[in-house]
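S.K.: Here is a sequence with its predicted model. Questions after.
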Amino acid sequence: MVKVTVDGIVVDVPPGSNVLQACEAAGKEVPRFCYHERLSVAGNCRMCLVEIEKAPPKPFASCAYPVNEGMVVHTDTPMVKAGRAGVMEFLLINHPLDCPICDQGGECDLQDQAVGYGRDSSRYTEAKRAVKDKDLGPLVKTVMTRCIQCTRCIRFSAEIAGTPELGATARGETMEVGTYVEMALTSELSGNLIDICPVGALTSKPYAFVARSWELKKTDSIDVLDAVGTNIRIDARGPEVLRVLPRLNEDVNEEWLADKGRFAIDGLKRRRLDSVWVKRDGKLQKAAWTDAFAAIDARLKGVAGERIGAIAGDLADAESMLALKELMVSLGSANIDCRVDGAAIDSTRRDFYTFNTSIAGIEEADAILIVGSNPRREAPLVNARILKRRRASRLPIAVIASPADLTYATDNLGDSPDVLASLIDGSHPFAATLKAASKPMIIVGQGALRRADGAAVLAACWQIAAAVGALSDAWHGFNMLHTAAARVGALDLGFVPGNGAKDVAAMMGGGVAAQWLLGADSLDTARTGADTFVIYQGHHGDAGAARADVILPGAAYTEKDGTYVNTEGRVQRGQLAIYPPGEAREDWKILRAFSGYTGKPLPYDTIEALRARLEVVNPVFARLDILPRFGCTDTSGPSAMGGIVGNGKFVDAVPNYYQTDPISRASPTMAACTATYVAPLQAAAE
């Protein structure tokens with residue numbers, strides 16, 4: 001450690017730290033615009049000036065000056081104050097007086113630091129320059145006259161997102177930040193540019209002129225539009241969610257948020273189910289809750305348990321899935337399934353279906369094999385972690401999947417599972433690379449498991465992990481990357497068919513007389529038996545509701561308290577930010593009310609009692625926000641060991657990143673993204 005004195009306070013900082021970090025360690029505030037903890041140092045803005053003893057008598061940019069043993073730093077001398085005031089004066093020469101209409105108002109670093117460190121007047125009277133705004137696509141709005149050229153956006157695009165599309169052209173007074181050629185940003189993380197921009201040059205296009213920050217009620221929650229479990233803050237005004245921002249969680253999302261989780265929220269108020277519907281004479285009609293319960297009860301009476309089934313969708317919370325499972329038990333049915341996409345997942349052991357290395361553990365890996373997955377589409381923040389590790393160590397990464405630009409260099413081993421056998425027996429060159437690594441990782445995506453030979457592919461990937469030393473007491477290198485927020489929690493609850501019971505395919509093929517769909521919208525409803533009685537419980541009029549005989553309006557993730565388990569097995573909880581619209585209710589309450597109507601009430605009346613029951617069913621639900629790291633002491637593989645692997649090509653699990661669930665499919669912003677990014681590619685492919 002290096003000993004540094006800052007304003008009389010002695011601190012120890014790691015070697016290689018800069019002076020600004022030493023000042024922060026001493027609890028001293030140093031203003032900055034260009035410096036960001038997760039980006040490379042640029043030293044552009046010169047706002048972080050300090051004075052250093054035994055150095056030339058001038059202010060130094062603390063972000064770009066390394067610490068030395070015994071260094072003495074002053075952050076509040078007259079020279080420092082005058083230097084910062086001068087820098088602020090220069091920054092404001094060309095900055096427009098947009099504060100009354102700027103969406104950054106109230107959250108603007110330039111506003112705050114101008115008040116804290118700037119002068120009360122300017123000595124410059126020249127005309128301000130104007131810069132043409134750039135069209136960066138449907139998500140990010142630009143007012144480039146406000147840009148102070150801190151280059152945070154440029155560094156973020158290249159270093160975090162892995163899409164170096166932004167840059168600076170020209171120099172001095174004519175310098176502009178933008179894309180080198182006119183184009184929309186292609187990154188799935190582009191919304192983070194809004195957060196890191198210290199002024200109002202980059203703001204949210206869908207949120208433009210909607211609200212001020214002090215008008216919003218802020219609620220901590222969890223993003224459920226992918227399986228990463230990103231920590232978010234929901235900003236609402238009245239009955240409407242207006243904005244979603246990321247919360248800091250170093251182990252999951254750091255401080256970033258994927259674009260779908262940030263911008264798809266306008267789908268929460270469109271195509272909503274806010275009334276109860278019952279089909280009468282072949283036509284859905286509005287009804288009361290008691291009428292719906294009576295229709296369901298009448299239809300289920302006399303039906304054997306093996307002729308009743310339930311399917312949990314991709315956005316369901318753990319509380320509602322447990323209530324539905326125990327309702328099915330009371331009806332004598334074991335026909336339950338959460339694998340809406342038909343993925344061959346072995347739920348007999350937790351490490352068969354979780355991301356065992358953990359998301360943060362990616363930064364320890366020294367070789368990675370990705371099978372049947374496109375992390376950039378399926379989990380952009382996991383992909384960003386892989387890029388971060390790749391930039392730090394240049395580790396080898398191989399992919400067996402459809403060719404794709406993952407934002408980092410990879411070795412493409414093909415797009416079919418033919419190569420798995422040679423990786424198992426060690427004859428493939430990349431097998432030697434994995435064996436030579438001290439912490440190799442295998443990442444298995446849902447595209448590898450949705451095939452007819454999915455179980456055999458899963459078993460083969462486990463065999464590779466065992467053969468290359470990825471399974472040890474200190475390191476568990478086998479990882480499954482999920483795409484659905486509900487999937488791991490459902491598997492933890494055992495929401496899979498019992499012995500001899502029907503799975504999704506059997507239920508959809510007419511194997512049941514009555515089918516309860518809990519937000520299950522990714523099904524091919526045309527396969528449902530013509531005589532099957534369908535109860536749809538959900539929050540959007542999507543595919544599941546189109547086939548329903550009874551519709552029970554549920555609550556979206558922003559409208560209820562819910563427990564979710566992310567792809568790595570981390571248990572987290574979202575909170576109610578706004579109330580459900582109309583007659584919609586929280587899903588577990590609907591199931592509890594129906595069970596009471598049938599005379600077989602579920603044994604919980606409060607969410608606290610239900611969560612206590614969750615912990616009884618599986619103790620992992622008691623480990624809230626805690627993810628212990630486990631090695632692998634039992635290398636015996638999934639039950640399908642020895643299955644035959646086919647040779648068909650892997651198909652992407654997420655062909656369109658922007659529309660994967662009922663919320664994003666109802667979102668006009670996500671529709672605009674699809675038209676901008678996906679439709680041209682599909683047209684070119686045809």
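M.R.: That came through fine.
S.K.: rest of the way, CA atoms for contacts and neighbours
M.R.: OK.
S.K.: Measure how buried I370 is and give me the count.
M.R.: 24 (other CA atoms under 10 Å).
S.K.: how close does V565 sit to Q575?
M.R.: 14 Å (CA to CA, to the nearest Å).
S.K.: Quick check, A114 in contact with G86.
M.R.: No - with contact defined as CA atoms under 8 Å, A114 does not reach G86; the gap is 10.9 Å.
S.K.: quick one, which of V565 and Q575 is more surrounded?
M.R.: Comparing V565 with Q575 by other CA under 10 Å, the one with more neighbours is V565, at 31 against 18.
S.K.: Contact partners for the closest residue to G511 other than its chain neighbours?
M.R.: Closest residue to G511 apart from its sequence neighbours, by CA to CA, 6 or more residues apart in numbering: R307 at 7.0 Å. Residues near R307 by CA atoms under 8 Å, 6 or more residues apart in numbering: S333, G511, V512, A513, A514.
S.K.: got the phi/psi numbers for G596?
M.R.: phi -70, psi -40 (degrees, to the nearest 10).
S.K.: I meant to write V645 there.
M.R.: phi -90, psi 130.
S.K.: Enumerate every residue touching it.
M.R.: Contacts of V645 (CA under 8 Å, 6+ apart): P417, D418, D453, A456, V457.
S.K.: same question, P403
M.R.: P403 touches N412, D415, counting by CA under 8 Å, 6+ apart.
S.K.: how about the helices in the stretch 1-150 of the chain?
M.R.: For the stretch 1-150 of the chain, the helices defined by DSSP state H, counting those that start in this stretch occupy 19-25, 78-91, 109-117.
S.K.: wait, which of these is closest to I148?
M.R.: Across those, I148 has its closest neighbour in helix 78-91 (6.5 Å, CA to CA).
S.K.: Which strands or helices does that closest one pack on?
M.R.: Counting contacts by 3 or more CA pairs under 8 Å, 6 or more residues apart in numbering; DSSP states H and E, helix 78-91 packs against strand 49-52, helix 109-117.
S.K.: Of all the residues in the longest one, which ones are buried?
M.R.: Buried residues in helix 109-117, counting neighbours by 16 or more other CA atoms under 10 Å, are found at D109, L110, Q111, Q113, A114, Y117.
S.K.: Might you list the low-confidence residue ranges for the stretch 501-650 of the chain?
M.R.: For the stretch 501-650 of the chain, applying pLDDT under 70 flags the ranges 640-642.
S.K.: Do a quick rundown of the strands in it.
M.R.: Under the criterion DSSP state E, counting those that start in this stretch, the stretch 501-650 of the chain contains strands at 514-518, 533-538, 550-553, 562-565, 571-574.
S.K.: Next, the angle strand 533-538 makes with the first one.
M.R.: Meaning strand 514-518. Relative orientation of strand 514-518 and strand 533-538, computed by axes from the mean of the first three to the mean of the last three CA atoms, to 10 degrees: 10 degrees.
S.K.: next one: phi and psi at L242?
M.R.: According to degrees, to the nearest 10, L242 has phi -110, psi -20.
S.K.: Apart from its neighbours in sequence, what residue is nearest it?
M.R.: Nearest residue to L242 in three dimensions, chain neighbours excluded: A236, at 5.3 Å (CA to CA, 6+ apart).
S.K.: Give me the neighbour count for that neighbour.
M.R.: The burial count for A236: 21, using other CA under 10 Å.
S.K.: ok, so what distance separates P668 from S187?
M.R.: Distance of P668 to S187, computed by CA to CA: 19 Å.
S.K.: circling back: next, format the helices and strands packed on helix 78-91 as a markdown table and append distance to K217 and mean pLDDT.
M.R.: Listed next are the helices and strands packed on helix 78-91 as a markdown table, based on distance: least, CA to CA, whole Å; pLDDT from 0 to 100:
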| stretch | distance to K217 | mean pLDDT |
| --- | --- | --- |
| strand 49-52 | 36 | 96 |
| helix 109-117 | 21 | 95 |
